[in-house]
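Chemist: need a structure here:
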Amino acid sequence: MTFRNGLDSLLRPEDSVLVLIDHQPYQLANLNSHDPHMVVNASAGLAKAAKVFNVPTILTSVVAERGGLIFPQITSVFPDQEVIDRTFINTWEDPKVVDAVKATGRRQLIIAGLWTEVCVAMPAIQAAGEGWDVTVITDASGGTSVEAHEVAIQRMIAAGVNMMTWMALAAEWQRDWARMESAVALTNVVQEHFAGSGIAYFWEQQLLNTPVPKAAGVGA
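Modeler: Modelled structure (predicted):
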């Protein structure tokens, strides 16, 4: 096994390309590995983080006329972008998707989708075998059961695929809070989609703008 370590193994926005696969109503209806609300939220946060860092993002659905359109929480982030609709279950067998990824010239391939055991695992394993540096975002993905999701993750790790969550990816892209060109915009995404930390930030702003009360008798 080749271990993934060292600074060069970390993900960089200028080398990343994101593929969001089949975030559709049909798949969500049988999502049982996660709270569906959490997956929609994580997927939206991931999409917005990609936009902050100008990471090319490919949106793809499978037989949308039956399975439904990609969640508006995702498509609204990229309002002018065409969604590639497929018949292939394995996204990486669809030349339109693969050509769109290759056209970016990037090699760090990031994937999230529904379901983990099917529409995430197949393209991740194939692409890894073809030499791509593949990362799956586990909390923006989900399976038909906890077992299905976890077994798919084990299978992909055995194939050399990297696993991350969406906020870990965003932090890796940011890398340094002194990078102000993205720090403010990423903070806005955190406020909207990272619950406790977002609320804590609002609270911090409240405290910073709250006058310190004078002690009794001071200034009287």
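
Chemist: how about the nearest residue to the residue positioned nearest the centre of the chain, chain neighbours excluded?
Modeler: By C-alpha atoms, centre = their mean, the mean C-alpha position of the chain lies nearest to L46, the distance being 3.4 Å. Excluding the flanking residues, the one nearest L46 by C-beta to C-beta, 6 or more residues apart in numbering is W166, at 4.1 Å. C-beta: built from backbone N, CA, C; applies to glycine.

Chemist: buried stuff in stretch 39-53?
Modeler: Buried residues in stretch 39-53, counting neighbours by 16 or more other C-beta atoms under 10 Å, are found at 39-50, 52-53.

Chemist: let me fix that: stretch 150-166
Modeler: Of all the residues in stretch 150-166, those buried under the rule 16+ other C-beta under 10 Å are 152-153, 156, 160-162, 164, 166.

Chemist: What segments of the protein are strands?
Modeler: 16-21, 57-62, 84-86, 108-113, 133-137, 162-164 (DSSP state E).

Chemist: Provide the contact partners of the second one at residue level.
Modeler: With C-beta atoms under 8 Å, 6 or more residues apart in numbering as the contact definition, strand 57-62 has outside contacts at 17-22, 24, 47, 50-51, 67, 69-70, 74-75, 78, 81-89, 91, 94, 97, 100-101, 119.

Chemist: Could you tell me how far it lies from the centre of the chain?
Modeler: Mean C-alpha position of strand 57-62 versus that of the full chain (C-alpha atoms, centre = their mean, to the nearest Å) differs by 13 Å.

Chemist: start at 542 instead
Modeler: All set: I'll call the first residue 542, so the last point we hit is now strand 598-603.

Chemist: what lines up beside it in the sheet?
Modeler: With DSSP bridges as the test, strand 598-603 is paired with strand 557-562 (parallel), strand 625-627 (parallel).

Chemist: Among those, which comes closest to Q746?
Modeler: strand 557-562 (30.0 Å; C-beta to C-beta).

Chemist: Next, the angle strand 649-654 makes with that closest one.
Modeler: 20 degrees (axes from the mean of the first three to the mean of the last three C-alpha atoms, to 10 degrees).

Chemist: Could I get the phi/psi values of N595?
Modeler: phi 50, psi 40 (degrees, to the nearest 10).

Chemist: Give me the nearest residue to it, chain neighbours excluded.
Modeler: P554 (6.7 Å).

Chemist: Quick check: buried residues in the helix-or-strand element of the chain with minimal mean pLDDT?
Modeler: The helix or strand of the chain with the poorest confidence is helix 736-749; it has a mean of 82 (mean pLDDT, DSSP states H and E). Residues of helix 736-749 classed as buried by neighbour count (16+ other C-beta under 10 Å): G739.

Chemist: Then stretch 555-570?
Modeler: 557-565, 568-569.

Chemist: picking up where we left off before, give me the distance between the residue nearest to L587 and A681.
Modeler: Distance, W707 to A681, using C-beta to C-beta, to the nearest Å: 5 Å.

Chemist: which residues do these two both contact?
Modeler: In contact with both W707 and A681: 583-584, 586-587, 653, using C-beta under 8 Å, 6+ apart.

Chemist: Just flag the most distant two among the residues you listed.
Modeler: Greatest spatial distance in the shared contacts of W707 and A681: G586 and A653, 10.7 Å, computed using C-beta to C-beta.

Chemist: Need the residues touching each of the two.
Modeler: Common neighbours of G586 and A653 (C-beta under 8 Å, 6+ apart) are 681, 707.

Chemist: Many thanks, we can stop here.
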